[in-house]
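1. Fold the stuff below for me.
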Amino acid sequence: MTDDRKAGGLDERGRPGREAELLSRRSFLAGSALGIGALSLGGCGTTDTLLMAEAAKTYGPMPNEKFPIPAVDVSKVNPKYYRRTVQYASSEAPGTIVVDPANYYVYRIEGDGTATRYGANVGRQGFLWNGDAYVGRKSEWATWTPPKEMIRRQPEAAKYARGMPGGLDNPLGARTLHLYQNGAYTLYTIYASSDAESIGTGITSGCVGLLSQDMIHLYARTPVKTKVVVLPA
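-> Residues are numbered from 1 along each chain as shown. Model prediction:
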């Protein structure tokens with residue numbers, strides 16, 4: 001998914017790797033991912049029915065948005081991808097976002113040995129990247145413009161060459177974090193997805209999607225300049 005200025009997709013230049021460093025970082029960051037909140041996947045007294053009921057509250061409708069957001073059909077999302085607080089050892093500063101494409105998770109470091117974890121969709125094969133970036137800007141209900149490369153691959157996108165207005169059908173959704181490196185826009189984003197079945201899959205041109213309710217939750221807690229670490233897949 002891409003933004004209202006350049007739109008996203010893997011360019012031909014590649015991306016900074018630092019794979020060995022980041023692989024080591026993943027081992028350190030991963031820590032344990034034991035749920036400590038109400039949405040525990042196991043344990044005595046916890047039933048699938050209760051879990052689904054809690055998830056339905058978390059992913060309920062958002063009628064006060066500019067474009068009202070419907071409830072997520074949580075039955076289409078693997079429960080392991082529901083938003084939750086997890087134990088997560090990290091040397092990163094509180095507020096840092098860590099993307100783990102191998103496991104389809106996005107973490108927000110909370111600074112007390114825990115993180116908020118969100119299920120995600122990520123780049124498909126050939127469009128994966130890794131490295132450090134930061135949030136260079138934020139947008140709500142952004143206009144989406146497909147890049148020329150995408151139009152060549154998918155001619156049906158040509159009708160949006162001058163931009164697709166924000167809305168529920170817009171690929172960027174309700175909120176977008178635009179990722180930068182060294183002062184330059186990378187063409188990658190963390191965006192809001194209305195496709196419940198996409199969570200836990202690799203489908204994008206390198207961007208990272210969260211359910212709209214999760215993206216709004218993360219967006220509200222993420223200022224411009226926030227560090228983003230994308231681990232190798």
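
2. if I look at Glu156, how far off is Ser194?
-> 19 Å (CB to CB, to the nearest Å). For glycine as for every other residue, the C-beta is placed from the backbone atoms N, C-alpha and C.

3. Look at these two and report which has more neighbours.
-> When neighbours are counted by other CB atoms under 10 Å, Glu156 and Ser194 differ, and Ser194 comes out ahead with 17 against 8.

4. Find the nearest non-adjacent residue to that one, please.
-> Closest residue to Ser194 apart from its sequence neighbours, by CB to CB, 6 or more residues apart in numbering: Ser212 at 5.7 Å.

5. Can you give me the neighbour number for the one you found?
-> The tally of other residues near Ser212 (other CB under 10 Å) stands at 24.

6. I'd assumed Ala192 was in contact with it.
-> Yes: using CB atoms under 8 Å, Ser212 makes contact with Ala192 at a distance of 4.4 Å.

7. Which neighbours do those two have in common?
-> Common contacts of Ser212 and Ala192 (CB atoms under 8 Å, 6 or more residues apart in numbering): Gly173, Ala174, Arg175.

8. Pull out the buried residues from the residues you listed.
-> Gly173, Ala174, Arg175 (16 or more other CB atoms under 10 Å).

9. show me where pLDDT drops low in this protein?
-> Within the chain, the stretches with pLDDT under 70 are 1-47.

10. 80 instead?
-> By pLDDT under 80, the low-scoring segments of the chain are 1-49, 126, 146-151, 156-163.

11. where do the strands sit along it?
-> Listed in chain order, the strands of the chain (DSSP state E) span 84-87, 97-100, 105-109, 114-119, 122-123, 131-140, 175-181, 184-193, 202-204, 208-211, 227-230.

12. Quick check: neighbours of the last one in the sheet, parallel or antiparallel?
-> Strand 227-230 has these partner strands in its sheet, going by DSSP bridges: strand 97-100 (parallel), strand 131-140 (antiparallel).

13. Kindly report the same for the shortest one.
-> Looking at strand 122-123 with DSSP bridges, its paired strands and their directions are strand 202-204 (parallel).

14. Check the offset of the strand it pairs with from the chain's centre.
-> Here strand 202-204 is found 11 Å from its chain centre; the criterion is CA atoms, centre = their mean, to the nearest Å.

15. Out of the strands paired with strand 227-230, which is the most enclosed?
-> strand 97-100 (a mean of 24; mean count of other CB atoms under 10 Å).

16. got the contact list for that strand?
-> Contact with strand 97-100 is made by 26, 29-30, 90, 92, 105-109, 115, 120, 122, 135, 177, 190, 208, 218, 222, 226-231, as judged by CB under 8 Å, 6+ apart.

17. check contacts around Ala56.
-> Per CB under 8 Å, 6+ apart, neighbours of Ala56: Ala71, Val74.

18. Apologies, that question was intended for Asn121.
-> Tyr104, Ser193, Asp195, Ser198, Ile199, Gly200, Thr201, Gly202, Ile203, Thr204, Val208, Gly209.

19. Write a PyMOL command that selects only the buried members of these.
-> A single PyMOL command selects the buried members of the contacts of Asn121 (16+ other CB under 10 Å):
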select buried, resi 104+193+195+198+199+200+202+203+204+208+209
